[in-house]
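Q: Give me coordinates for this.
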Amino acid sequence: MSDLGPRPSVPYWHLWVDAEGVSHQRECRLENYDPHRVGDADPQWNNPQPRSEASVVFTVQPVGWIGEWHENPAPQWIVVLSGRWFIESMDGTRIEQGPGEFSLGEDQGCTERDGRKGHRSGTVGEEPCCLMTIQLHVDPVREPCHVR
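A: Below you'll find the model as predicted:
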């Protein structure tokens, strides 16, 4: 049996909506990990999420792609597989992510303010950005960092 080391704390960004319908972003952490075995394999840290229906969508955004103000189609985990992209929320927060980084897009139900509704996003740099999204068939939660 291998030493698992300390319990993980894995960062992710959460795009969420406040009571006034304005989108914000906050860096959060997945921390609810427990040791788990798969068959005879050494134990690993797992953080299972509630079971739900989901759709997986792979996206390739070309160089220079911009997604002007829009909401995510459903609460969804977005994982950067290659390239880089940015996400800008209505409060002016802009983050950039690269391979291995991920976010929870949960900005459904925004109220338009000054031509902004939801978020804008786009590629960064001189290569396309390849994303994997896991669209959850659940209602959005209007609370930052509710997934632990």
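
Q: and S103, how many neighbours does it have?
A: Neighbourhood size, S103 [other Cβ atoms under 10 Å]: 25. Placement of C-beta: from N, CA and C, glycine included.

Q: ok, the residue nearest the centre of the chain - contacts?
A: What sits nearest the mean C-alpha location of the chain, by Cα atoms, centre = their mean, is S103, with 1.8 Å. By Cβ atoms under 8 Å, 6 or more residues apart in numbering, S103 lies in contact with Y12, W13, H14, L15, Q25, W77, I78, I87, I95, Q97.

Q: Which one (most neighbours) among the residues you listed?
A: Going by other Cβ under 10 Å, L15 tops the contacts of S103 with 28 neighbours.

Q: so what pLDDT did that one get?
A: pLDDT, L15: 98.

Q: Do I have it right that it meets E27?
A: No - look at L15 against E27 with Cβ atoms under 8 Å: they stay out of range, at 11.2 Å.

Q: Tell me which stretches of the protein form strands.
A: Using DSSP state E, the strands of the chain run over residues 10-17, 23-30, 34-36, 44-46, 54-61, 66-70, 76-82, 84-89, 94-97, 102-105, 119-124, 129-136.
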